[in-house]
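Novice: Okay, sequence plus prediction incoming.
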Amino acid sequence: MPPHVMSQKDDILKRLCEAVVNGDDAAAKAVAEEALEAAVDPVVAIRRGLSKGASILGEKFEKLEVFLPHLMLAADAMKAGVAALKPAIEAKRAKATFGKIVIGTAAGDIHDIGKNLVATFLSAAGFEVYDLGVDVSPKMFVEKGEEFGADIIAISSLMAASAAYLKDVIELLKARNIREKYKVLIGGTAVFEEFADEIGADGYGRHVDDGVKIAKRLIMKR
């Protein structure tokens, strides 16, 4: 690939990152569209552009260098960029179907950016994904898992108050004697690998792009 093409793509990824950091949704949408025109892989645009910006802002938030309004603006920018890229990701969807997944954000939590990205990546990789949305109760995860004939129940948690509900999903599966039917995958900033082990989850992902490889591994184990 010619050097000038590489530099153009690197510049696009940099500007996607900056659009999120600056909370500029118009720029995020415009640069995302530019990325597609420049043949930048939409998944790469999210991982190395939009998600990188979100990570940078998250670190700044932890250091008290930015505050909640900045995060809200960044979330809008992230959504705008992802919305522009999503049709291209879905168009690349693998023909093979690895399995069925129900996914949602745990009860008490209304964050959806990470969950939406994971759902998009899973769909593009060939999984049949049923997105339950946010603030999903343990009962809803289990009932929809049964209704859709899911192989995996994937739960996102970004708030500490919602983390307890992840264990409740697993306990409810056990109570109904259907625990062995499902692999439970958890992720999000409120949970860690040690927590996943403690509650008996089958997989844990720290970053949005962990979802696909972990889900494939869990399906193979089944």
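Specialist: Perfect, I can see it now.

Novice: which regions of this structure sit below the pLDDT cut-off?
Specialist: Residue ranges of the chain with pLDDT under 70: 1-6, 94-96, 222.

Novice: Please point out which parts of the longest helix anywhere in the chain sit buried.
Specialist: When the chain is parsed with DSSP state H, its longest helix is helix 68-91. Counting neighbours by 16 or more other C-beta atoms under 10 Å, one finds that the buried residues in helix 68-91 are 70-71, 73-82, 84-86, 88-89. C-betas here are computed from N, CA, C, even on glycine.

Novice: Not counting it itself, show me its contacts.
Specialist: Helix 68-91 is contacted from outside by 16, 19-29, 31-33, 35-36, 42-43, 45-46, 49-50, 53-54, 57-58, 60-61, 113, 116-117, 120-121, 123-124, using C-beta atoms under 8 Å, 6 or more residues apart in numbering.

Novice: which of those count as buried?
Specialist: Buried, going by 16+ other C-beta under 10 Å: 16, 19-25, 27-29, 31-32, 35-36, 42-43, 45-46, 49-50, 53-54, 57, 60, 113, 116-117, 120-121, 123-124, out of the contacts of helix 68-91.

Novice: So which of the residues you listed sit within helices?
Specialist: Short answer: the buried ones among the contacts of helix 68-91 in helices (DSSP H) are 16, 19-21, 25, 27-29, 31-32, 35-36, 42-43, 45, 53-54, 57, 60, 113, 116-117, 120-121, 123-124.

Novice: what does the domain assignment say about the chain?
Specialist: The chain breaks down by automatic domain parsing into domains covering 3-91, 100-221.

Novice: circling back: partner strands of the helix or strand following the longest helix of the chain, with direction?
Specialist: Using DSSP states H and E, the helix or strand that follows helix 68-91 in sequence is strand 100-105. The strands that strand 100-105 pairs with in its sheet are strand 128-131 (parallel), strand 152-156 (parallel) (by DSSP bridges).

Novice: and the angle for strand 100-105 with helix 113-124?
Specialist: Taking axes from the mean of the first three to the mean of the last three C-alpha atoms, to 10 degrees, one finds strand 100-105 and helix 113-124 inclined to each other by 170 degrees.

Novice: CA atoms of strand 100-105 as PDB?
Specialist: Extracted C-alpha coordinates of strand 100-105, given in PDB (Å, rounded to 0.1, in the frame of the first residue of the first chain):
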ATOM      1  CA  LYS A 100     -27.500 -17.200  19.000                       C
ATOM      2  CA  ILE A 101     -26.700 -14.600  21.600                       C
ATOM      3  CA  VAL A 102     -29.000 -12.500  23.800                       C
ATOM      4  CA  ILE A 103     -27.200  -9.400  25.000                       C
ATOM      5  CA  GLY A 104     -28.200  -6.500  27.300                       C
ATOM      6  CA  THR A 105     -27.100  -4.100  30.000                       C
END
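
Novice: Touching, residue 172 and residue 138? I think so.
Specialist: Yes. At 5.0 Å, residue 172 counts as touching residue 138 under the criterion of C-beta atoms under 8 Å.
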